[in-house]
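*Asks:* Sequence first, then the predicted structure, then my questions.
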Amino acid sequence: MPTQVSSSIPLMVEKKLSEMVKPSKSIPYQILSLSTLDNDPFDEVTYKMCYVFKPKNVDDDDRPESLLREALSDLLGYYYPLSGSLKRKESDRKLQVSCGGDEGGVAFTQATANVELSSLENLENIDLDTALKFLPELQEDKDGYRPFALQVTKFVCGGFVLGIASSHAMFDGYGLGHTMCALAELAGEHKKLTVTPIWERERLVGKPEIDRPPFVPGGATAASPYLPTDDWVTEKINIRAGSIRRLKEAALEVYDFSNETPTTFEVLSAYLWKSRVKALNLNKDGVTVLVFCVGIRNAVDPPLPDGYYGNAHKLIWNRAILLCIPIISFKIRSHIVIAKIVFYGL
């Protein structure tokens, strides 16, 4: 269940300062195009997350907000498109980034909380309303919006939370991870990036299918007597190695997979898919769909460089190939194995 505030003091988060942090070096004005994957409608969403930093034995003068503000400015010298604005071209309505010049910047908010971080159990399983207090909003501007924003919330104990808001159109999870690692490096002592960011979005420009088939044929979607509902809870499940081993053994008992021994991902996906169908009591003659992402950074020819931080994944379901992009060594087998496990039973 979501964590409730354990302190007797009501939680109050005061946002004291919000400013547009600019790159530490001059960036000429430019307009950058995005890839076909970046322009996928499924990717034009905002992702938010919190990084929690527990208090350390430091002086009261320690100011993580100042350190992170300076590191953000340095970061934008490398990842300068993040300081721009996402807009749609008038001709084909494709997304593009206008950045550089005098108007660039990332919204940076400084905030304080009136309780200790431990009173929120370090944000473990925190409820959504509380979590949103530590997260920024993407700033809208004329005909577009900023793709990146940060908020630093400092607690009375000295710990702090770094809240992130980012547009999925700019990067996938892998690319955002590289970006945050770069921010940490620039906030550290060495102030040097291990991986240099590379744009090269033209590498993944392809032709989408005009008549993309739907996930589920019309009218065939499995129905549940419990849906629709807003009554959901979040739980953590620790699946141990022994349980995974028994699931693999059970799969091998019901079907001869020959040389395609099920992986951990495959048996867990099959088990969770089947468990969800049972829990929701879905009608047996309805259709359900399992969709998952597969990275293609090493599958394109030539492979994408380590510094590429754009979207580089494909959604896999029964009809998986959406783009005409040259791909090598890209064997889609997991959805076949998972389907066999579900069909023959676990």
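*Replies:* That came through, no problem.

*Asks:* residues contacting the residue nearest the centre of the chain?
*Replies:* Here the mean C-alpha position of the chain is nearest to the C-alpha of G173 (C-alpha atoms, centre = their mean), at a distance of 4.3 Å. Residues in contact with G173 (C-beta atoms under 8 Å, 6 or more residues apart in numbering): none are found. For the C-beta atoms, the positions are set from N, CA and C on the backbone; glycine is no exception.

*Asks:* Quick check on it: phi, psi?
*Replies:* Listed backbone geometry of G173 is phi -60, psi -40, with angles given as degrees, to the nearest 10.

*Asks:* That one and A107: what is the separation?
*Replies:* Using C-beta to C-beta, to the nearest Å, one gets 21 Å for the distance from G173 to A107.

*Asks:* now do G159
*Replies:* When C-beta to C-beta is applied, the distance between G159 and A107 equals 23 Å.

*Asks:* tell me which element A165 falls in.
*Replies:* Here A165 sits within strand 160-167, counting by DSSP states H and E.

*Asks:* Given that strand, what are its sheet partners and their directions?
*Replies:* strand 46-53 (antiparallel), strand 148-154 (antiparallel) (DSSP bridges).

*Asks:* Out of the ones you listed, the one nearest K25 is which?
*Replies:* Of all the strands paired with strand 160-167, the one in closest proximity to K25, counting by C-beta to C-beta, is strand 148-154 (17.6 Å).

*Asks:* how many neighbours does D102 have?
*Replies:* Neighbourhood size, D102 [other C-beta atoms under 10 Å]: 8.

*Asks:* And it, how far from A182?
*Replies:* From D102 across to A182, the span is 24 Å (C-beta to C-beta).

*Asks:* Repeat that for D141.
*Replies:* Taking C-beta to C-beta as the measure, D141 falls 25 Å from A182.

*Asks:* Compare those two and say which is more crowded by neighbours.
*Replies:* Taking other C-beta under 10 Å, D141 and A182 do not tie; A182 has more neighbours (23 against 12).

*Asks:* where does the more buried one land in three-state SS?
*Replies:* With DSSP: H, G, I helix; E, B strand; the rest coil as the basis, the three-state label of A182 is helix.

*Asks:* Over to D38?
*Replies:* Taken by three-state DSSP, the conformation at D38 corresponds to coil.

*Asks:* Show the model's pLDDT score for it.
*Replies:* Taken from the predicted model, the pLDDT recorded for D38 is 94.

*Asks:* repeat for L323
*Replies:* In the prediction, the pLDDT value recorded for L323 is 36.

*Asks:* Use 18 as the first number from now on
*Replies:* Taking 18 as the first residue, the last one we looked at is L340.

*Asks:* Let me know how buried K224 is, in neighbour terms.
*Replies:* Counted with other C-beta under 10 Å, the neighbours of K224 add up to 10.
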